[in-house]
Structure formats: structure tokens, C-alpha cells
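Asks: Can you look at this prediction? I've put the sequence above it.
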Amino acid sequence: MFVDSHCHLDRLQLEAYDNQLAAAIDAATARGIQQFLCVGISVNNRQAVVDIAEKYPSVVSSVGVHPLDVKEGLATGEELIQWSQHPKVVALGETGLDYYYSEEEKVLQQESFVIHLEAAARVQLPVIVHTRDARDDTLALIKKYGSESSAGVLHCFTENWDMARRAMDMNYFISVSGIVTFKNANALREVVKQIPMDRLLIETDSPYLAPVPYRGKPNEPKYIKEVAEYIAALRGISLVELADITSANFYRLFNKAA
Ligand SMILES: [Zn+2]
Ligand SMILES: [Zn+2]
């Protein structure tokens with residue numbers, strides 16, 4: 001079985017499925033994907049992702065405010081803690097720092113990230129971290145405000161080996177998306193070859209970042225298989241072994257989903 005450890009089921013493009021999310025989930029299930037983590041990105045989509053998790057037995061969700069959505073409003077620590085009590089909410093996030101687009105929002109992003117890290121430590125849930133062009137600040141805030149027992153994952157990882165290693169030293173997992181299949185991703189491929197197998201997760205981040213040969217088209221959870229096939233070949237292991245290990249890693253990290 002495969003797990004899609006990070007997807008945005010509330011944002012999929014469903015024209016090919018008659019606008020039925022159930023049909024897209026069925027298409028993924030038919031390819032062996034048996035668990036989906038539908039990730040919250042803002043105070044405004046929290047209810048939507050929790051509703052999807054309630055409706056579909058194979059879906060769990062997270063709640064949080066994406067660094068590029070902080071302008072829509074921050075969640076307080078109390079809110080995050082309250083929302084996380086839902087039985088199908090297995091993590092906080094995505095949160096983190098993204099300086100690529102938004103230099104001017106840095107301070108607000110940092111404030112929001114700290115709120116998530118502290119709330120996660122209190123409720124002992126893992127944190128889903130989005131990080132881009134903010135290596136040192138991301139690691140420094142995790143170190144200062146995070147706790148090892150609520151360590152989480154650096155999702156859609158595109159940074160260097162040094163950052164991966166320093167995050168893993170703080171108990172973090174590294175999640176790899178379809179970007180690893182892109183022609184220009186040589187540096188990332190070198191990193192992915194080195195990640196210890198017991199620290200590796202896979203994700204689609206759909207509807208974004210469809211893997212080759214679907215690059216540029218809308219992504220969906222069923223393409224986790226292409227991501228898995230690519231990484232298995234890169235690591236020189238079988239697809240079954242890669243699927244088994246990354247699924248086991250998922251339940252070890254998001255143990256409320258187990
Ligand atoms: Zn992200
Ligand atoms: Zn995401």
C-alpha cells in the first residue's frame with residue numbers, strides 16, 4: 001500500500017471526475033493508495049479539510065496556517081489546540097517559513113510558526129513544516145520552540161543535505177514530492193539518495209507539482225505511485241519495499257492515524 005502524506009483534497013481539480021472528490025479518491029485507491037493526509041492551510045479552509053476527513057475513512061487531516069496565508073489571519077495557540085482534539089486531526093500545519101515570495105511577511109510568518117510549534121509541543125502532535133529560502137530561520141525556530149517529541153516533517157523538501165541532516169538531528173522526517181522527478185532536480189536527487197530510509201516520507205502535494213510524465217497538469221493523489229516508482233529506482237530498491245517503509249514511517253510519525 002501507498003500513503004500520500006501531504007495532499008490538498010479540498011483544492012483538487014476534479015473536472016475529470018465529474019467534480020466528485022469520491023471518484024478521485026477511488027481512482028487513487030484503485031492504484032493502491034490507502035491513506036491520505038489532507039493538509040489544512042488557513043483559518044478559512046480548516047472546516048473543509050476536517051469535513052473531508054470525517055467523510056472518508058481513508059483520509060485524515062491537519063489544521064494550520066500556511067506561511068503564505070498568514071495575511072488571512074493567524075490561528076491562536078488555543079484555537080490550534082482545540083481544533084486538534086478532533087479524532088481525525090493528526091498533526092498541526094502546514095506552517096513554516098517561505099521567504100521566496102514574501103520577504104515582507106517574514107515577521108508574521110515567524111510569529112505564526114512559533115504558535116504552531118508551541119501548540120504542537122503542548123498537544124504532542126507532529127508539525128508539518130513548509131520551508132523555502134529560509135533554512136537558518138526554520139531550523140532555529142524549531143530548535144528554540146519545538147520539542148523533539150512533537151517533531152514533524154519538512155514537507156515537499158527541496159533544500160540541501162545540510163538542512164535535511166540538521167532537521168533529522170531534531171527528530172524530523174523528510175518528505176519528498178514529485179519535484180524529485182523533474183529534469184532540473186539533480187541536487188535534490190543527490191539529497192534523496194542519502195536520506196536514511198527510516199526518515200523518508202512521500203507526498204504528492206496535489207493539486208500542485210505533478211510528477212513527470214504529468215508535469216504541468218493538475219496533480220492528484222493517484223500519482224503518488226509515480227513519485228514512489230521514481231524514488232525506488234533512485235534508491236535501487238523495489239517499489240513494494242519503498243511503499244512499505246514509507247507507509248510504516250507515516251504511521252510512526254502521525255501515530256494518531258495508526
Ligand atoms: Zn507546502
Ligand atoms: Zn501543501
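Replies: Yep, it's here. Ligands and ions are numbered 1, 2, ... in the order given.
Asks: packing partners for the longest helix seen in the chain?
Replies: In the chain, assigned by DSSP state H, the helix with the most residues is helix 106-123. Contact partners of helix 106-123 among helices and strands, from 3 or more C-beta pairs under 8 Å, 6 or more residues apart in numbering; DSSP states H and E: helix 77-83, strand 89-98, strand 127-132, helix 135-145. In this view, the C-beta of every residue, glycine as well, is placed from N, C-alpha and C.
Asks: what angle sits between the longest one and strand 89-98?
Replies: Right, helix 135-145. Orientation check (axes from the mean of the first three to the mean of the last three C-alpha atoms, to 10 degrees): helix 135-145 against strand 89-98 gives 140 degrees.
Asks: what residues does helix 135-145 touch?
Replies: For helix 135-145, the surrounding residues in contact (C-beta atoms under 8 Å, 6 or more residues apart in numbering) are 96-97, 99, 110, 113-114, 117-118, 121, 129, 131, 151, 154, 159-160, 162-163, 166-167, 170, 172.
Asks: how about 6 Å then?
Replies: Outside helix 135-145, the residues within contact range by C-beta atoms under 6 Å, 6 or more residues apart in numbering are 97, 113-114, 117-118, 131, 159, 163, 166, 170.
Asks: So which of the residues you listed wins on neighbours?
Replies: residue 113 (29 neighbours; other C-beta atoms under 10 Å).
Asks: what pLDDT does that residue get?
Replies: pLDDT recorded at residue 113 is 98.
Asks: Contact partners for it?
Replies: Listed by C-beta under 6 Å, 6+ apart, the contact partners of residue 113 are 95-96, 141.
Asks: at 7 Å instead, please
Replies: 95-97, 141 (C-beta atoms under 7 Å, 6 or more residues apart in numbering).
Asks: Looking at the helices and strands packed on helix 106-123, spot the one closest to residue 20.
Replies: When the helices and strands packed on helix 106-123 are compared by C-beta to C-beta, strand 89-98 sits nearest residue 20, at 24.2 Å.
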